[in-house]
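S.K.: build me a structure from this.
(one chain, ligands or ions: 1)
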Amino acid sequence: PLLGVDQISKPTDKLFGGLLAAGFDEESCLSRYQSVLYRKTSPFKASPYLISKLRNYEQLHKRCGPNTQPYNAAVEQLRSGQSVSSSSTDCKYIVWVCYSGLGNRILTLASVFLYALLTDRVLLVDRGKDMANLFCEPFPEKSWFLPLNFPITNKFDSFGQKSPESYGNMLKKNIIKASTESLPSYLYLHLAHDYDDHDKLFFCDEEQALLNKVPWLIMKTDNYFVPSLFLMSSFEHELIMLFPEKETIFHHLGRYLFHPTNQVWGLITRYYKAYLAKADERIGIQVRTFDSGPGPYQYVNDQISACTQGEKLLPAVDAKGRIVPPSENSKLKAVLMTSLVSGYFENVKNTYWEHPTVTGDIIGVHQPSHEEKQQTEKPLHNMKAWAEMYLLSLSDELVTSAWSTFGYVAQGLGGLKPWILYKSENQTTPNPPCQRAMSMEPCFHAPPFYDCKAKKGIDTGKVVPHVRHCEDISWGLKVV
Ligand code: GDP
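M.R.: All right, here's what the predicted structure looks like:
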């Protein structure tokens, strides 16, 4: 119930067991310390080692972050285009380039931050058009945003698979190799879906030893590449220490990094209080179709009801309209739907308005927006998308759509193992319609299949028991 949402009435752990640092100005980012009022207590605790790693990172960020002396020195080196020998810089950086849809961005930012933690680099975030309107600063004192006068920001758009500055192309053309002594001051790392075999050598220990010496790495990616880091001997041990519960990587890093700005927090909390707070149970249903037309399609309506009723997430209805007398156990269940279109929501809502449920439960169905298509240029568009991912993460049970990073973000932040609606073939309802996820981790959609030591192709989903192929993409990899 709504009780306790505004007045702190339950014993609160607003720092999530030490995951978050204390001492931020609360007003400037209300969500940081208020989210505990909306979230159920997570059964997963951040390890003491992760917590100390984060506190150390915060110190590093403070010492090396924007406009500090080491930052200015490193930028000067970049500007002058000098090549570097191994020991010439104090602080090393990785720049995350703003790229792709919002769900992808959240997953890649978490991946790049983890890579920064593992390699003692400072993460700096290209703010793109709207990153600063969506997310609060996660680190105390020094900003995570790349300063606007960074010398090569104007190159970011043109960076791509063919760029001569990319590490993959430099390897291909033999401009750089493990024994190279004089290295460039920056390298572009292309880890987007269209990357090639040379770009993928990023995931080899030998190449990491070389990258380690380059002061500036600039990365463009639309993939959650964490599962492949687990397969590298340079990182594996540290990852296991940081995340003894392996499937909690995005769960903890996401809760640490991604705090909605006050404007987005307004969207979230008003919606929650108006439509979700009073329910006995909250069910999230995220509908994302990758068909060419916009829909809605009847086969998706059928899939949603087959999954939610088949898995007993929602009750069946009595088609004959017999009224079931309300029992003491009857519940109010709030269904939060998200989709670019309103048709699926209309169908679920009408089902439970026009017919009684066999259990006597009352089902309220809500959908915050229907933006019709992805339209990042509208200022509120990504704010709504972020608010909806967050609202889905506050559900008790979650249904997501195959292939969608939007759903991965919700499940990870919520600590939920969702039921995944399978991707349909030929516009027919898949059978079974959905499957429970093995873990709450996101799927890496385009992993490498290469054994760096043996220098041959392998099935990277069969190397260790905790990195497997995903439920929704047979060639993808996820941590379980
Ligand atoms: P993915 O394409 O499903 O992996 O997710 P992304 O978030 O990376 O890209 C999809 C984009 O489409 C989102 O960022 C939104 O801009 C938009 N979008 C997709 N589904 C929804 C939805 O249910 N609600 C809203 N508000 N936007 C959506």
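
S.K.: show me what contacts the residue of the stretch 51-200 of the chain found nearest the ligand?
M.R.: Nearest residue of the stretch 51-200 of the chain to the ligand (CB to the nearest ligand atom) works out as Gly101 at 2.3 Å. (Each C-beta comes from the backbone N, C-alpha and C, glycine too.) Shown in contact with Gly101 (CB atoms under 8 Å, 6 or more residues apart in numbering): 222, 374, 376, 405-406.

S.K.: which bits of the stretch 301-450 of the chain sit near the ligand?
M.R.: With the criterion set to CB under 6 Å from any ligand atom, the stretch 301-450 of the chain comes near the ligand through 338-340, 369, 371, 374, 381-382, 384-385, 388, 404-406.

S.K.: identify the farthest-apart pair in the residues you listed.
M.R.: Ser369 and Thr405 (18.1 Å; CB to CB).

S.K.: give me the more crowded residue out of those two.
M.R.: Per other CB atoms under 10 Å, whichever of Ser369 and Thr405 has more neighbours is Thr405, with 24 against 17.

S.K.: is it true that the more buried one touches Leu109?
M.R.: No. The pair Thr405 and Leu109 does not pass the contact test of CB atoms under 8 Å, sitting 11.7 Å apart.

S.K.: just the element for Pro227, please.
M.R.: Under the criterion of DSSP states H and E, Pro227 resides in helix 226-229.

S.K.: next helix or strand past that helix?
M.R.: Remark: after helix 226-229, the chain's next helix or strand is helix 233-242, criterion DSSP H and E.

S.K.: low-confidence stretches in the chain?
M.R.: 1-12, 85-88 (pLDDT under 70).

S.K.: now with 90?
M.R.: For the chain, applying pLDDT under 90 flags the ranges 1-14, 23, 81-90, 176-182, 291-295, 319-329, 373-379, 426.

S.K.: domain boundaries for it, per the record?
M.R.: The record's domain parsing of the chain by automatic domain parsing lists 48-257, 263-479.

S.K.: could these be laid out in TSV, adding distance to Lys14?
M.R.: Listed next are the domains of the chain as TSV, based on distance: least, CB to CB, whole Å:
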stretch	distance to Lys14
domain 48-257	12
domain 263-479	14
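
S.K.: what about Met438, which helix or strand?
M.R.: Secondary structure (DSSP H and E) places Met438 outside all helices and strands.

S.K.: count of neighbours near it?
M.R.: For Met438, the count of nearby residues is 15 (other CB under 10 Å).

S.K.: looks to me like Glu425 is in a helix.
M.R.: No. Looking at Glu425 with DSSP: H, G, I helix; E, B strand; the rest coil, it is coil, so not inside a helix.

S.K.: quick one: the strands in the stretch 51-200 of the chain?
M.R.: For the stretch 51-200 of the chain, the strands defined by DSSP state E, counting those that start in this stretch cover 93-96, 122-125, 186-191.

S.K.: would you turn the ones you listed into a markdown table with mean neighbour count?
M.R.: Formatted as a markdown table, those follow (neighbours: other CB atoms under 10 Å):
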| stretch | mean neighbour count |
| --- | --- |
| strand 93-96 | 24 |
| strand 122-125 | 24 |
| strand 186-191 | 24 |
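
S.K.: export the ones you listed to TSV and append columns for distance to the ligand.
M.R.: Formatted as TSV, the strands of the stretch 51-200 of the chain follow (distance: least, CB to the nearest ligand atom, whole Å):
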stretch	distance to the ligand
strand 93-96	15
strand 122-125	17
strand 186-191	16
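
S.K.: list the contacts for the residue nearest the centre of the chain?
M.R.: Closest to where the C-alpha atoms of the chain average out (CA atoms, centre = their mean) is Leu107, at 3.1 Å. Listed by CB under 8 Å, 6+ apart, the contact partners of Leu107 are 223-224, 250, 405, 408-409, 442.

S.K.: contacts only, for the residue lying closest to it once chain neighbours are set aside.
M.R.: Distance criterion CB to CB, 6 or more residues apart in numbering; nearest residue to Leu107, sequence neighbours excluded, is Tyr224 at 4.0 Å. By CB under 8 Å, 6+ apart, the contact set of Tyr224 is 107-108, 110-111, 250, 405, 408, 442-445.

S.K.: bridged to Leu189, which residues?
M.R.: Taking DSSP bridges as the rule, Leu189 bridges to Met219.

S.K.: what's around the residue nearest to Pro66 when sequence neighbours are not counted, how many residues?
M.R.: Nearest residue to Pro66 in three dimensions, chain neighbours excluded: Pro147, at 4.9 Å (CB to CB, 6+ apart). With neighbours defined by other CB under 10 Å, the count for Pro147 comes to 15.

S.K.: can you give me phi and psi for Pro147?
M.R.: Dihedral angles of Pro147 (phi, psi; degrees, to the nearest 10) stand at phi -60, psi 150.

S.K.: equivalent analysis for Lys331, please.
M.R.: The phi/psi pair for Lys331 (degrees, to the nearest 10) reads phi -120, psi 160.

S.K.: what's the nearest residue to it if we skip its chain neighbours?
M.R.: Asp280 (4.1 Å).

S.K.: neighbours of that neighbour, just the number please.
M.R.: 14.

S.K.: next: Val335.
M.R.: 26.

S.K.: same deal with Pro326?
M.R.: By other CB under 10 Å, 12 other residues sit near Pro326.

S.K.: before we move on, what about Val324?
M.R.: Val324 has 14 nearby residues by other CB under 10 Å.

S.K.: which non-adjacent residue is nearest it?
M.R.: Nearest residue to Val324 in three dimensions, chain neighbours excluded: Gly360, at 4.3 Å (CB to CB, 6+ apart).

S.K.: and if you look at Gly364?
M.R.: Closest to Gly364 by CB to CB, 6+ apart is Ala334, at 5.0 Å.

S.K.: centre of the chain to stretch 222-238, how far?
M.R.: Its chain's C-alpha centre and that of stretch 222-238 lie 16 Å apart, by CA atoms, centre = their mean, to the nearest Å.

S.K.: tell me which element the residue in the chain sticking out farthest from the centre is part of?
M.R.: Within the chain, the residue lying farthest from the chain centre (CA atoms, centre = their mean) is Arg322, at 44.3 Å. Following DSSP H and E, there is no helix or strand that holds Arg322.

S.K.: show the contacting residues for it.
M.R.: Shown in contact with Arg322 (CB under 8 Å, 6+ apart): Pro356.

S.K.: ok now stretch 246-253, how far from the chain's centre?
M.R.: Using CA atoms, centre = their mean, the offset of stretch 246-253 from its chain centre is 10 Å.

S.K.: residues contacting that stretch, please?
M.R.: Stretch 246-253 is contacted by residues 19, 42, 44, 46, 50, 107, 110, 113-114, 224, 226, 230, 239-240, 243, 408, 412-413, 415, 439-442, 466, 479-480 when judged by CB under 8 Å, 6+ apart.

S.K.: which of these are buried? Put it as a PyMOL command.
M.R.: This is how PyMOL selects the buried members of the contacts of stretch 246-253, with burial counted by 16 or more other CB atoms under 10 Å:
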select buried, resi 19+42+44+46+50+107+110+113+114+224+226+230+239+243+408+412+413+415+439+440+441+442+466+479+480
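
S.K.: helices along the stretch 251-400 of the chain, start to end?
M.R.: For the stretch 251-400 of the chain, helices defined by DSSP state H, counting those that start in this stretch occupy the ranges 262-271, 298-310, 343-354, 379-393.

S.K.: circling back to that earlier point, next, the residue nearest to Leu107: phi, psi?
M.R.: With angles defined as degrees, to the nearest 10, Tyr224 sits at phi -80, psi 90.
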